[in-house]
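Student: build me a structure from this.
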Amino acid sequence: MRTLAIVVMAMASSFFASHADAQEAVRRIIRNEILALLPADSAGGIAIAVCVDGRPLFFHGGFADLAERRSITPDSLFNVASLRKPFEATLLALAVRQGKMALDDPVSTYLPELSTGGDIRRVTVGQLATHTSGLLLPHDHPPWPTTRYTPASFREALKAWNADAAHQPGRQHIYTHAGFILLQLALERGLGSSVGDLTEEKIFEPLGMNSSWIPRHGKDGRSDLPPPLLQRAVQGYAEDGAPIGQPGDQQTYYDWPGTGQMYSSARDLAVFLDSNMGARRITPQLARAMALTQAPAFTTGPHSAQALAWEIDNAAPTVIDKNGGLNNASAYMGMMPARRLGIVVLSNRGGIDVAQAGRRALRQLSKGREPSH
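Tutor: Residues are numbered from 1 along each chain as shown. Next comes the predicted model:
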């Protein structure tokens with residue numbers, strides 16, 4: 001029998017708090033659009049945060065670990081897959097605002113060993129952050145290779161890369177995970193610290209995100225999640241419900257520290273979204289950096305654009321969002337900054353389209369809300 005739990009942890013503004021029917025409307029939208037995706041076999045679950053005017057509502061259902069009958073909570077730790085990318089984009093934007101890096105700097109400025117390569121010399125850090133570098137390596141698309149990159153072999157692959165007519169730096173939008181691995185290396189070299197330490201110092205700690213961590217992966221994909229966090233990490237499940245790996249595992253083709261996925265909770269990601277929407281008190285420097293990450297940088301369609309990691313849907317009201325997924329995880333976070341409305345959806349089951357469900361829920365939740373001033 002499907003396990004279903006819906007828990008409201010906080011009142012979410014006078015808009016919802018003063019109208020019982022509005023509260024019920026929120027529950028109905030979340031139940032119909034997102035919790036309806038809960039797997040019938042109970043292998044996995046979903047955690048949701050709805051952010052309104054800086055105050056969260058939390059919903060959840062299903063299991064963090066079916067074998068242990070451990071339920072999902074707002075503080076369960078999920079592998080958030082590519083939801084990590086807006087955090088690296090924020091580090092880049094902070095460096096740009098501080099004058100330490102520039103979006104049009106060639107990546108070889110920070111990694112001079114690439115200056116003797118081919119077309120990688122033409123790629124800028126801004127193009128890496130907006131998926132417009134043209135860089136596409138075999139590990140970016142099916143059929144998925146079984147080999148892994150070492151630092152040396154990754155460097156050689158980058159130096160050997162040559163752009164063709166469909167892969168020109170700055171000319172097209174092509175999603176590339178390899179580009180963000182390269183961006184990570186540029187950030188680390190340019191700022192003189194590991195990406196995990198940089199994110200902890202400049203984002204997690206200032207925002208009070210105490211349940212977020214970029215592990216240094218070890219043998220067999222195991223990470224160094226601290227024991228208190230590891231206890232809250234979920235078991236990941238395949239699309240067919242089979243368990244994949246162990247709680248706290250990472251998946252990466254890049255065989256050096258910091259290249260695996262980030263772990264976080266619905267509660268922590270709600271803090272990040274609220275900060276991006278100006279609903280929390282943060283330093284002016286961080287606020288300006290977050291604003292820069294949301295600025296359209298490359299037009300991808302009639303009503304869409306790519307920002308620094310974030311994707312923009314300009315069909316009114318504007319949605320700024322990011323999705324992520326692995327074979328044992330599905331993740332989404334989206335926001336409407338003009339309405340101070342956001343949503344986080346995390347699942348420990350692969351193949352669940354939480355992005356479409358999250359966008360539908362976000363647009364339904366926005367009905368009747370006036371833009372914030």
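Student: what's S211 in contact with, if anything?
Tutor: S211 makes contact with D75, L77, L229, R232, S264, S265, R267, D268, according to CB atoms under 8 Å, 6 or more residues apart in numbering. Every residue, glycine included, has its C-beta placed from N, CA and C.
Student: please redo it, this time with the cut-off set to 6 Å
Tutor: S211 is in contact with S265, D268, counting by CB atoms under 6 Å, 6 or more residues apart in numbering.
Student: one more: D255?
Tutor: Counting by CB under 6 Å, 6+ apart, the residues that D255 touches are R148, T150.
Student: try M290
Tutor: N276.
Student: buried residues, the helix or strand that contains it. List them.
Tutor: With elements taken from DSSP states H and E, the one containing M290 is helix 284-293. Neighbour-count burial for helix 284-293 flags L286, A287, A289, M290, L292, T293 (criterion: 16 or more other CB atoms under 10 Å).
Student: need these in TSV (columns: pLDDT).
Tutor: Converted to TSV, these look like this (pLDDT from 0 to 100):
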residue	pLDDT
L286	98
A287	98
A289	98
M290	98
L292	98
T293	98
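Student: could these go into a markdown table alongside distance to I181?
Tutor: A markdown table is the format used below for these (distance: CB to CB, whole Å):
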| residue | distance to I181 |
| --- | --- |
| L286 | 24 |
| A287 | 28 |
| A289 | 21 |
| M290 | 23 |
| L292 | 22 |
| T293 | 19 |
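Student: helices of the stretch 1-150 of the chain, start to end?
Tutor: Ranges of helices in the stretch 1-150 of the chain, per DSSP state H, counting those that start in this stretch, are 14-17, 20-33, 85-97, 125-129.
Student: any idea which of those is most buried?
Tutor: Mean neighbour count (mean count of other CB atoms under 10 Å) peaks for helix 125-129 among the helices of the stretch 1-150 of the chain, with a mean of 26.
Student: and that helix, what does it pack against?
Tutor: When contacts are defined as 3 or more CB pairs under 6 Å, 6 or more residues apart in numbering; DSSP states H and E, helix 125-129 packs onto helix 177-191.
Student: redo that, cut-off 8 Å
Tutor: Counting contacts by 3 or more CB pairs under 8 Å, 6 or more residues apart in numbering; DSSP states H and E, helix 125-129 is packed against helix 85-97, helix 177-191.
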